[in-house]
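>>> coordinates for the following, if possible.
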Amino acid sequence: MKLNLGCGQNKLPGYVNVDREASMAPDLVMDLEAFPWPFEDDSVEKIMAKHVLEHVGGDPKVFIRIMQELYRVCRAGAEIEIWVPHPRHDNFLDDPTHVRPITPMTLSLFSKEQCEAWKRAGNSNSPLAIYANVDFRIKTWAVVVDERFRDHPNVKEMVQNWNNVAVEYQFVLEVLK
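Prediction:
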């Protein structure tokens, strides 16, 4: 099974298109913040979550539970594709329904390998993968830069220091079981 979470108007063929808004006519009306999700353990091979995670889990406990549900329903080796607005872009800041920034560090907190490395180094990062008993590896991630800045020689520094240079993050997570 493949899931397209928070599909809105962007339905994907071959996926179960899920949205909490019935007006979007998804295959399944479902609130991602209502648990447990109606899918069997280890039943999902791929999840698309394009511009959805920033809308859920304003309460950290709820966000961690969402990560646990993603882990529960995915089989070993499943991929989760996540696109989110960059938290330093007006696209993130201007939408009152955006409740949580998602960054590479956010997702790294859900990697057992990364949490163990931080523990060995004596770092104080929250070992969420261990607390929540989940394990995701970031396979790939990219920063999408506004086309006005793509060819600028200092674009990496600009992304770090300026607003509205980076538009979004795109990640692919692998589920490790």
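>>> secondary structure class for the residue located most distally from the centre of the chain?
In the chain, the residue that sits farthest from the middle, by C-alpha atoms, centre = their mean, is residue 153; the gap is 29.3 Å. Secondary structure, DSSP: H, G, I helix; E, B strand; the rest coil: residue 153 is coil.
>>> could I get the pLDDT score of it?
Here, the pLDDT recorded for residue 153 equals 94.
>>> please enumerate the helices of this structure.
60-73, 90-93, 104-108, 112-121, 128-132, 155-161 (DSSP state H).
>>> for the third one, which helices and strands make contact with it?
Spelled out, that is helix 104-108. Packing partners of helix 104-108 (3 or more C-beta pairs under 8 Å, 6 or more residues apart in numbering; DSSP states H and E): strand 136-145, strand 166-175. Yep, even glycine has a C-beta here, placed from its N, CA and C like the rest.
>>> okay, angle between the last one and strand 136-145 too, please.
In other words, strand 166-175. Orientation check (axes from the mean of the first three to the mean of the last three C-alpha atoms, to 10 degrees): strand 166-175 against strand 136-145 gives 160 degrees.
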